[in-house]
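K.L.:
Got a sequence here, can you build the structure:
(one chain, ligands or ions: 2)
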Amino acid sequence: MPNFFVTGGAGFIGSAFVRLLLDELPACDVVNFDALTYAGNPDNLSDLEGEARHRFVRGDICDPRAVLDALGEATDYLFHFAAESHVDRSIESAREFIRTNVLGTQVLLDAARARRVRRFVHVSTDEVMGSLGEDDATFFTEDSPFAPNSPYAASKAAAEHLVRAAHHTFGLDCVVTRCGNNYGPRQFPEKLVPLAISNATADDPVPVYGDGRNVRDWIYVEDHCRAILAAAERGRAGEVYNVGARNERRNLEVVEAILDALGKPRSLARFVKDRPGHDRRYAIDPAKVERELGWRPRETWESGLRKTIRWYADHADWVARARSGDYREFYARQYGAS
Ligand code: NAD
Ligand code: DAU
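P.N.:
Ligands and ions are numbered 1, 2, ... in the order given. You can find the predicted model right below:
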């Protein structure tokens, strides 16, 4: 029976991944280690109450004692999702990004070595590779050079370097995945898709940065999670796997698709001042993950977006709770003066 240790499993992707593990593996043991920051949400795990294969531990990945205590001696796979994940917040202050994403990753690598974890799976991002030209036909491959442009991306790049070093110097079995923009249920509404859905649902304007022509490569969250599991099971030690669904969209197109699906006027899209240093285009070449791991996305953009919009419509309470408290202050700081 495999033992899994998941960091950040109360967040958007981590909670989807925990659910995938429990769905796919009748016999397994999952320790879910999460500090429950503003982005970590116990509501994301409420359907797992009473699930004997899942144990939630509240803890900070920067605390070596807490990590070692929770990790135990028999972990097969450590999946590292925990991070500060929002670019705009990293522009406001990089401090927590350096602490969690860099220091926290090193704490986990040290603990994984001490506890003889069989494989360390590091969840990275395409943003470590910077920005592509708007209209060119280039794509991020696993050999693309590092060129992080935001404090968030730089902290994730630093984390990847530490993972690489742990593999090279200490022989820790590590696999890295780099994915593009995820969308789906339970994403904190600071990110474009849930922000657009929740604002439009409330007939509030949807902020579109700059000219709205920036391109992101969108993937449904469960498809990303399946790729991470495939990388854990079949990936080669020391390798990086780029994950993408060949689904490039301009931001304005994303917002208009959401407005159309909700039956709201496109005039709700509101151009606001651009994000400083805004990366123009992300586009992933997923040939390696497809070829080596046999992974393919299951959702199309249309089917994934339909499921996502339906989930937010069915979970108005979740949205209302996520949009209270700290979120309101962040929203006012981020968009108030636009
Ligand atoms: P999220 O912000 O929704 O969740 C992050 C989780 O980490 C939260 O539950 C939070 O409580 C936890 N956390 C933060 N600091 C912690 C700490 N010090 N100790 C323990 N737990 C802590 O993020 P997400 O969108 O689910 O992203 C998960 C991972 O996937 C991140 O590493 C991110 O860089 C990566 N990623 C995200 C995307 C995307 O589109 N969202 C794409 C590619 C890669
Ligand atoms: O590419 C992977 C990355 O995708 C992950 O590593 C990050 O954790 C995740 O947050 C995401 O980063 P982005 O900055 O691309 O996501 P975000 O949803 O913040 O923005 C998507 C695009 O939409 C981006 O070009 C900025 C734009 N945007 C965003 C917001 C919040 C707007 O136009 N208006 C907005 O209000």
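K.L.:
what separates the strand or helix carrying Phe33 from the chain centre, distance-wise?
P.N.:
If you go by DSSP states H and E, Phe33 is part of strand 29-34. How far strand 29-34 lies from its chain's middle: 17 Å, per CA atoms, centre = their mean, to the nearest Å.
K.L.:
Contacts for that strand, please.
P.N.:
Applying CB atoms under 8 Å, 6 or more residues apart in numbering, the contact partners of strand 29-34 are 1-11, 14, 18, 21-22, 40, 45, 53-59, 61, 67, 70-72, 75, 82. Every C-beta, even on glycine, is put in place using the N, C-alpha and C of the backbone.
K.L.:
strands paired with it, and their directions?
P.N.:
strand 3-7 (parallel), strand 54-58 (parallel) (DSSP bridges).
K.L.:
what's the most buried one of those strands?
P.N.:
Greatest average neighbour count among the strands paired with strand 29-34 goes to strand 3-7 (a mean of 25), per mean count of other CB atoms under 10 Å.
K.L.:
Please give the centre-to-centre distance between that one and its chain.
P.N.:
On CA atoms, centre = their mean, the centre of strand 3-7 falls 16 Å from that of its chain.
K.L.:
can you tell if the following helix or strand past it touches ligand 1?
P.N.:
Going down the chain from strand 3-7, the next helix or strand is helix 12-24, by DSSP H and E. Yes: Helix 12-24 reaches ligand 1 (CB under 6 Å from any ligand atom) through Phe12, Ile13, Gly14.
K.L.:
Could you do stretch 227-242 as well?
P.N.:
No: Stretch 227-242 stays clear of ligand 1 (CB under 6 Å from any ligand atom), getting no nearer than 9.1 Å.
K.L.:
Sort out which residues of that stretch are buried, please.
P.N.:
For stretch 227-242, a neighbour-count test (16 or more other CB atoms under 10 Å) marks Ala227, Ile228, Leu229, Ala230, Ala231, Ala232, Gly235, Val240, Tyr241, Asn242 as buried.
K.L.:
quick one: contacts for the fourth one?
P.N.:
So that's Ala230. With contact set as CB under 8 Å, 6+ apart, Ala230 has these partners: Val289, Leu293, Gly294, Trp295.
K.L.:
contacting residues for the last one?
P.N.:
By CB under 8 Å, 6+ apart, the contact set of Trp295 is Arg226, Ala227, Ala230, Val243, Pro286, Val289.
K.L.:
How many residues are close by the first one?
P.N.:
Neighbour count of Arg226, defined by other CB atoms under 10 Å: 21.
K.L.:
again, but for the fourth one
P.N.:
One way to gauge burial is a neighbour count; for Val243, by other CB under 10 Å, it gives 31.
K.L.:
Then the fifth one?
P.N.:
For Pro286, the tally of surrounding residues (other CB under 10 Å) stands at 25.
K.L.:
Near the nearest residue in space to it that is not next to it in sequence, how many other residues are there?
P.N.:
Spatially, and ignoring its direct neighbours in sequence, Pro286 is nearest to Gly244 (4.5 Å; CB to CB, 6 or more residues apart in numbering). Applying other CB under 10 Å, we find 28 residues neighbouring Gly244.
K.L.:
Could you do the one 4 residues further on as well?
P.N.:
By the measure other CB under 10 Å, the count of residues near Glu248 is 19.
K.L.:
and it, what does it touch?
P.N.:
Listed by CB under 8 Å, 6+ apart, the contact set of Glu248 reads Val215, Arg216, Asp217, Trp218, Arg281, Ala283.
K.L.:
so what's it bridging to?
P.N.:
Applying DSSP bridges to Glu248 yields these beta-bridge partners: Asp217.
K.L.:
can you list the residues of the stretch 101-250 of the chain near ligand 1?
P.N.:
Selection of the stretch 101-250 of the chain residues close to ligand 1 by CB under 6 Å from any ligand atom yields Gly104, Val123, Thr125, Lys156, Cys179, Asn181, Asn182, Phe188.
K.L.:
swap the cut-off to 8 Å and go again
P.N.:
Residues of the stretch 101-250 of the chain lying close to ligand 1 (CB under 8 Å from any ligand atom) are 101, 104, 123-127, 152, 156, 177-183, 187-188, 191, 221, 224.
K.L.:
Got a PyMOL select line for the buried ones in those?
P.N.:
The PyMOL command for the buried members of those (criterion: 16+ other CB under 10 Å) is given here:
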select buried, resi 101+104+123+124+125+126+127+152+156+177+178+179+180+181+182+183+187+188+191+221+224
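K.L.:
out of the residues of the stretch 101-250 of the chain next to ligand 1, which touch ligand 2?
P.N.:
Checking these against ligand 2 (CB under 8 Å from any ligand atom), the matches are Thr125, Asp126, Glu127, Tyr152, Lys156, Cys179, Gly180, Asn181, Asn182, Lys191.
K.L.:
Skipping adjacent residues, who's closest to the third one in space?
P.N.:
Read it as Glu127. Take Glu127 and drop its neighbours on the chain: the residue closest to it by CB to CB, 6+ apart is Ala153, 3.9 Å away.
K.L.:
confidence score at that neighbour?
P.N.:
Looking at Ala153, its pLDDT is 98.
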